[in-house]
Structures are given as C-alpha cells and as structure tokens.
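below is the structure, and that's it, no one-letter string:
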C-alpha cells in the first residue's frame, strides 16, 4: 500500500504544481530535495512573489524510523517503528478576494520489532480560508467535496465536514480558521471496509483538489482591491498562523519527529499583521465573514 500511495502523490505533486504555475503565469516552483537523518526525506516545491500566488508550497515526504518517545505517548504505544508519507499543500494568494487553501493527504504505518505492520491508516482533508466571503465559492468548494464523498461508501461528507469545522478552529478566539471542507483521520480497515476502499476514496479526493479550488481563483484573481483589503487579509493571516503554531497536529508531528523545519513551516504566509484588539466595522464585509466563522454553516 505504501509504495502505491507514494507513487500516486509523486504524480499528483507534478500535476498540481504544473497547473498552478500556468494559473500564476509569472512565478514557478523552486524544488528542494531533502533527507531526514533517521530515515526518509521529501521533495518540497515552493512558489513565491507570483502574479497570483504570494507564497505557496506543494510538498511530499516519506519518512520512517523509530517513533520518538514523545509521539509514542501521543499514540499510546511502546517502542515501534513508523512510516509516514503524504502530500501537503498551502497557497496564500496575493489578491485578498482569493481565499487561502490547504490540503493534506497522508498514509501511516506502524511496525513491531519483527517488522510486522501492527497498525495503518489514511488521513487528510482540504479546507478553504477566505478573507472576503463569496457564498457561491464556499458552495462550489463543498459541492466538490460532497460529490467525491458520495461516490464512496466509506466516506461520510456530513461527518467529515463536521470534523473539519471542529478541527480547524481557533478555540482561544472562538472562531473557525475558515469555511471548512473535509477532515478525516485514522481511517482503517474494519468489518465493513478494507484499506483498498479507503485508498480509492483518498486518491479520488486528492485528484479533485484542483477542481475544487482553481475555478475560485480564476473568478477572483483579477478583482480590484485597495490597501484596506490587504490590511484585513494580513490580519486574518495572523489567525492562520496562530492555528498552525498553537493547535495543528501535523505541525506538532513534524517538529516531534525531526522533520525539516522549512518544509513544516512553509504553510506560514509572508506578510502578516497583529493589530491590538482589532474589530471590523459592524455590518461591513469583514464583519460578515466573522459572523460565519463564529457560527459555521452548511453550504450544500
């Protein structure tokens, strides 16, 4: 399974990065190959200062070795080896009317002292973080997510959407990071479903990321904006940073397993503001966004 999934994300990285370069029209991805001392490595691709994308990354990795003690406690296991592979993407567009997007598609295995697989699962998801709310964009994004889920008996759109709203939530501010999408983890074989069933869903959802996001970018990337729009975008980016550094389990796993820092933190935007006790004008577009972030809604 791990070889098959890794081959898939190698091709997916090429497809996504090639499509995004054409969409941007100016910038191209810089590729960075890296190795992890304990085992494995990755291929990071980062785009910066483009016409559309101010910063973004499309990264793949496959790492393995003894599971660190700190993560043994997290997973409630003893001495085991692990293998983890996946694709992780974050895009921060220049235009404040184009939303930031994130997706992650991963596969994990654990082994006992004989090398036998004792546990394995898929996880992942995708979510959208707008700075200005266009309901038709949110609906489009969620329609693609639901369409894929509906094709697979293992996938439950309503459940995965609820988990996404719960996970990508800045509890210290009582607001969501964005308008959600899907989040699922520890997707294992059980009495009803096989790992092949989960694999089929995983690659279908990953293969439809571009269909969920690119039409939104094409529709919004040339809208006119001013410095006030940029200021709000950068304030909201600050909330994005807060989530990634305070709450995100993927960031924690990367740091605890001696992952590559530059690749782990590529998700952080290049320009951010933190204004003290900032509140948008009531009934403004900025305020309308906050109302939705504080009260997640169903889009389809």
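Cool, got the structure. Keep in mind that what you see is a predicted model, and the values were worked out from it rather than measured.

I'd guessed residue 152 sits against residue 203; true?
No. Using Cβ atoms under 8 Å as the test, residue 152 is too far from residue 203 to be in contact (10.5 Å). To be clear about C-beta, it is placed using only N, CA and C from the backbone, and glycine gets the same treatment.

got the contact list for residue 68?
Counting by Cβ atoms under 8 Å, 6 or more residues apart in numbering, residue 68 touches 256-258.

just the buried subset of those, written out for PyMOL, thanks.
PyMOL command restricting the contacts of residue 68 to the buried ones, with burial defined by 16 or more other Cβ atoms under 10 Å:
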select buried, resi 257
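
now, the contacts of residue 68 that are in helices?
Secondary structure assignment by DSSP state H places residue 256 of the contacts of residue 68 in helices.

just checking, what packs against the helix of greatest length in the chain?
For the chain, the helix with the greatest residue count under DSSP H is helix 2-24. Contacts defined by 3 or more Cβ pairs under 8 Å, 6 or more residues apart in numbering; DSSP states H and E place helix 2-24 against strand 40-48, strand 53-66, strand 81-93, strand 100-111, helix 195-207, helix 209-220.

what's the shortest one packed up against?
Based on contacts counted as 3+ Cβ pairs under 8 Å, 6+ apart, the elements that strand 40-48 packs against are helix 2-24, strand 30-35, strand 53-66, helix 261-264.

can you list the buried residues in the second one?
Think strand 30-35. Buried residues in strand 30-35 (16+ other Cβ under 10 Å): residue 32.

that strand - contacts with which helices or strands?
By 3+ Cβ pairs under 8 Å, 6+ apart, strand 30-35 packs against strand 40-48, helix 261-264.

what of the shortest one?
Packing partners of helix 261-264 (3+ Cβ pairs under 8 Å, 6+ apart): strand 30-35, strand 40-48, strand 53-66, helix 249-256.

ranking the helices and strands packed on strand 40-48 by burial, who's on top?
Neighbour counts (mean count of other Cβ atoms under 10 Å) averaged over each of the helices and strands packed on strand 40-48 peak at strand 53-66, with a mean of 22.

gap between the residue sitting furthest away from the middle of the chain and residue 200?
Distance from the C-alpha centroid of the chain, by Cα atoms, centre = their mean, peaks at residue 114 (33.9 Å). Here the distance between residue 114 and residue 200 works out to 30 Å (Cβ to Cβ, to the nearest Å).

kindly report the same for residue 238.
From residue 238 to residue 200 the distance is 39 Å (Cβ to Cβ).

quick one on the thing from earlier: out of the helices and strands packed on strand 40-48, which is closest to residue 182?
Across the helices and strands packed on strand 40-48, residue 182 has its closest neighbour in helix 2-24 (16.6 Å, Cβ to Cβ).
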